[in-house]
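K.L.:
please find the sequence and the predicted model below.
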Amino acid sequence: MTCIGFIGLGLIGGSLARSIKKFHPDFHILAYSHTPSTLEQALIAGAIDEALDQNDPRFGNCDFIFLCAPVQTNITYFPFLRSIIREDCILTDVGSVKGETTDAAVRTGLAENFIGGHPMAGTEKTGFSSSTDYLLENAYYFITTNRETDPEKVRRYSDLIRSIRSLPIVVSAEEHDYIVAGVSHLEHIVASSLVNTVKSIDTRDEKMKLVAAGGFRDITRIASSSPVMWQQICLANRKDILKVLDRYMEFLSNFRFMIDSADADGLYRTFSSSKDYRDSIDDIKRGSVPRQYLLYVDIYDEPGGIATVTTLLAMNQISIRNIGIIHNREFEDGVLRIEFYEENARNNADDVLRKRNYLVRRKV
């Protein structure tokens, strides 16, 4: 029987445990969390089979051990794990920075066991209560190696990740940290800076906050992420973050110069270049399963309007993942935003609502 251990059961750790149980119900899953209530929730949810203490020697029976705490916390477990880990056990993590963790594993004598991992999935929410068994489906999953990594262990790890329907990408720890500095870490810094900028320039009665539209919400959603986690990420990946941040600041300076000098051609070229590159990202995404299945529905602002829609969908056995009213509709396609778990559910809902003469627009 395959045995898998978890140290930490937050959003990502909890989603991993749920996903593994979903696709491998026969796997035996052990877990430790510094919050006892988290372990109770995980047991009740069936995501784990046993709750362990922090230094329980039964972690030594594991075929895989996932470290799912913040980077600095994960590293503190290395000495204990070195003393009990099996030679063929794969020790991994889910952190957003790989270099520091990999170096610590090598120093501790765990180089042959440690293979870094980083699922490119998540939300601004935290904790096991926000975890799901589908969060990692169709998400890219970085697997990072070092000079002593056994190719057979990489194969085993990749097979496990594919089995939960994630998409493994094998790279070095150094390449990973540069990539995520550009497509993840910089974005969180930009989102946080943008929110703090608007906060500092808002009117006395906070009208900017009141009318903050779709574009602002979309760009700044990730600013609601854990401050502790992003504090540690910035400190752990300083070199690569500074490299991409300097480049970003060059673009901001160029924007300021073009606006100040009324350089219409320069502004057009810059916006056109970013549009083309952004559109090409969507072209790539169309080659895999979309992560969101959305409908936007125009409804009258009247009592029972939303209830009528949800009742209609329920009568047709269509499950809703999320639903909400859009108060400011800039860049949005309808006043009611409905998200579904699966593409078929979205398509069926589209058909049902159109037959009832609702104005419906779909967005992938």
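P.N.:
Structure's in. What do you need?

K.L.:
in the worst-scoring helix or strand of the chain on mean pLDDT, what counts as buried?
P.N.:
Least confident element among the helices and strands of the chain, by mean pLDDT, DSSP states H and E: helix 214-220 (a mean of 77). By 16 or more other C-beta atoms under 10 Å, the buried positions in helix 214-220 come out as 216, 220. C-beta coordinates here come from the backbone N, C-alpha and C atoms, glycine included.

K.L.:
continuing past it, what's the next helix or strand?
P.N.:
helix 227-236 (DSSP states H and E).

K.L.:
next, the angle helix 227-236 makes with the following helix or strand past that following helix.
P.N.:
Downstream of helix 227-236, the next assigned helix or strand under DSSP H and E is helix 238-260. If you take axes from the mean of the first three to the mean of the last three C-alpha atoms, to 10 degrees, helix 238-260 sits at 100 degrees to helix 227-236.

K.L.:
mean confidence for helix 238-260?
P.N.:
Throughout helix 238-260, pLDDT has a mean value of 96.

K.L.:
what comes up buried for that helix?
P.N.:
Burial within helix 238-260, assessed by neighbour count using 16+ other C-beta under 10 Å, is assigned to 240, 241, 244, 245, 258.

K.L.:
could you dump those to JSON lines with distance to residue 21?
P.N.:
Shown next, in JSON lines, are the buried residues of helix 238-260 (distance: C-beta to C-beta, whole Å):
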{"residue": "240", "distance to residue 21": "35"}
{"residue": "241", "distance to residue 21": "35"}
{"residue": "244", "distance to residue 21": "37"}
{"residue": "245", "distance to residue 21": "40"}
{"residue": "258", "distance to residue 21": "53"}
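
K.L.:
closest to residue 344 among the residues you listed?
P.N.:
residue 244 (39.2 Å; C-beta to C-beta).

K.L.:
isn't that closest one up against residue 181?
P.N.:
Yes - the pair residue 244 / residue 181 is scored as a contact, 4.9 Å apart, by C-beta atoms under 8 Å.

K.L.:
and this protein, what are its domain boundaries?
P.N.:
3-171, 177-285, 293-363 (automatic domain parsing).

K.L.:
look up how far residue 236 lies from residue 100.
P.N.:
Computed as C-beta to C-beta, to the nearest Å, the residue 100 to residue 236 distance reads 5 Å.

K.L.:
which residues are common contacts for the two?
P.N.:
Common contacts of residue 100 and residue 236, defined by C-beta atoms under 8 Å, 6 or more residues apart in numbering, comprise residue 71.

K.L.:
all strands of this structure, in order?
P.N.:
Remark: strands assigned in the chain by DSSP state E are 3-7, 28-32, 50-51, 64-67, 90-93, 116-119, 140-145, 167-172, 293-298, 322-325, 336-340, 359-363.

K.L.:
ok, the first one: who's next to it in the sheet?
P.N.:
Sheet pairing for strand 3-7, assigned by DSSP bridges, gives strand 28-32 (parallel), strand 64-67 (parallel).

K.L.:
got JSON lines for those, with distance to residue 80 and mean neighbour count too?
P.N.:
Output for those, formatted as JSON lines (distance: least, C-beta to C-beta, whole Å; neighbours: other C-beta atoms under 10 Å):
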{"stretch": "strand 28-32", "distance to residue 80": "11", "mean neighbour count": "22"}
{"stretch": "strand 64-67", "distance to residue 80": "11", "mean neighbour count": "25"}
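
K.L.:
neighbours of residue 103, how many?
P.N.:
By other C-beta atoms under 10 Å, the residues close to residue 103 number 14.

K.L.:
any idea how far residue 78 is from it?
P.N.:
For residue 103, the distance to residue 78 - C-beta to C-beta - is 11 Å.

K.L.:
same thing with residue 232?
P.N.:
Applying C-beta to C-beta to residue 232 and residue 78 gives a distance of 16 Å.

K.L.:
which residues touch the nearest residue to residue 120 once chain neighbours are set aside?
P.N.:
For residue 120, ignoring the flanking residues on the chain, the nearest one in space by C-beta to C-beta, 6 or more residues apart in numbering is residue 140 at 4.4 Å. Contacts for residue 140 (C-beta under 8 Å, 6+ apart) come out as 119, 120, 166, 167, 169.

K.L.:
same thing but at 7 Å, please
P.N.:
120, 167, 169 (C-beta atoms under 7 Å, 6 or more residues apart in numbering).

K.L.:
closest to residue 23 out of those residues?
P.N.:
Once C-beta to C-beta is applied, the member of those that ends up nearest residue 23 is residue 167, at 14.7 Å.

K.L.:
any idea how far the closest residue to the closest one other than its chain neighbours is from residue 360?
P.N.:
Closest residue in space to residue 167, ignoring its immediate chain neighbours: residue 140 at 5.0 Å, by C-beta to C-beta, 6+ apart. In this view, residue 140 and residue 360 are 31 Å apart by C-beta to C-beta.

K.L.:
residue 361 touches residue 294, doesn't it?
P.N.:
No - counting by C-beta atoms under 7 Å, residue 361 stays clear of residue 294, with 9.1 Å between them.
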